[in-house]
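Asks: test case, fold it:
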Amino acid sequence: MTSPTAVRPALWPWLLGFAFLVGIDQLTKYWVRSNFVLGESIPVIGELLRFTYVQNPGVAFGMQPFSPAVLIILGSAAAIALCGYFYYLLRDNDHTRWPVFLFLCGAIGNLIDRAHLGSVTDFADADFPDFIMDRWPVFNIADSCVTIGIVILIWQTLFVKKPAPLPQTSGERLDSSSLSSAGSSGTEAAPVGPLPDSGAARDIPK
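Replies: Numbering: from 1, shown residues only. The predicted structure follows:
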């Protein structure tokens, strides 16, 4: 008897989305490396947005707490953990699968850079008016996926009610009820046969 499991949504739309986001991330990085000199910067929307080619051997905000080899190992472990967690959330129809999916895309996008180049290619150089910093640290599409995922996760935590789990099939519900009944009683009930015919007593001779 199989254990009950929820009906999982189709995985292929998520795979297509993953291929699209990671592909766009890698294509833009390749375009920058092919057309820019390291350190070159050109305006796109005035000073609000520039393309500035940098190679970041560290993590966010240019910090470098570990060597590139250690960062590759940590990034690989994080990507594997995110894959497993995303599959779990997808099975349970958990709304946090969206930010986790974006975290996974961002982690894989930058991990490809580290494994191939030893550093991460950044190029988006934005200046947000009246922001606490003069300019935001240079970033890429993978970084944007992580940032958007954080924003979605905070919003869901504060304002979104967790949806109900996905329904089970009728066969799985039957298996579940049978398992729970057997587990609660501990023994199987004896079969009940037909009751003796009450008229048999009237046939006894006097």
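
Asks: all strands of the chain, in order?
Replies: Applying DSSP state E to the chain gives strands spanning 41-45, 49-56, 120-126.

Asks: for these, give me a markdown table that also has mean neighbour count and distance to residue 156.
Replies: No exception for glycine: its C-beta is placed from N, CA and C like everyone else's. Shown next, in a markdown table, are these (neighbours: other CB atoms under 10 Å; distance: least, CB to CB, whole Å):
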| stretch | mean neighbour count | distance to residue 156 |
| --- | --- | --- |
| strand 41-45 | 12 | 31 |
| strand 49-56 | 18 | 28 |
| strand 120-126 | 22 | 25 |
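
Asks: which one is residue 139 nearest to, not counting chain neighbours?
Replies: In space, and not counting its chain neighbours, residue 139 is closest to residue 124: 5.1 Å by CB to CB, 6 or more residues apart in numbering.

Asks: distance of that neighbour relative to residue 72?
Replies: Distance of residue 124 to residue 72, given as CB to CB, to the nearest Å: 23 Å.

Asks: hmm, back to that, which one of the strands of the chain lies nearest to residue 30?
Replies: Closest approach to residue 30 among these is made by strand 120-126 (8.3 Å; CB to CB).

Asks: quick check: angle from that closest one to strand 49-56?
Replies: Interaxial angle, strand 120-126 versus strand 49-56 (axes from the mean of the first three to the mean of the last three CA atoms, to 10 degrees): 150 degrees.

Asks: list the helices and strands strand 120-126 packs on?
Replies: Helices and strands touching strand 120-126, by 3 or more CB pairs under 8 Å, 6 or more residues apart in numbering; DSSP states H and E, are helix 12-35, strand 49-56, helix 97-117, helix 141-159.

Asks: tell me which of these sits most buried.
Replies: Of those, the one with the most neighbours on average (mean count of other CB atoms under 10 Å) is helix 97-117, at a mean of 21.

Asks: tell me what angle it forms with strand 120-126.
Replies: Here helix 97-117 points in a direction 120 degrees away from that of strand 120-126 (the same axes, to 10 degrees).

Asks: what is helix 97-117 packed up against?
Replies: Helix 97-117 sits against helix 12-35, helix 68-91, strand 120-126, helix 141-159, with contacts defined as 3+ CB pairs under 8 Å, 6+ apart.

Asks: what's the separation between the residue lying closest to residue 76 once chain neighbours are set aside and residue 26?
Replies: Nearest residue to residue 76 in three dimensions, chain neighbours excluded: residue 111, at 6.5 Å (CB to CB, 6+ apart). For residue 111, the distance to residue 26 equals 11 Å [CB to CB].

Asks: any shared contact partners between the two?
Replies: Residues touching both residue 111 and residue 26 (CB atoms under 8 Å, 6 or more residues apart in numbering): there are none.

Asks: check contacts around residue 50.
Replies: Applying CB under 8 Å, 6+ apart, we find residue 50 in contact with 41-44, 125-127.

Asks: and it, bridged to which residues?
Replies: residue 43, residue 125 (DSSP bridges).

Asks: and it, what's its pLDDT?
Replies: Here the pLDDT value assigned to residue 50 is 95.
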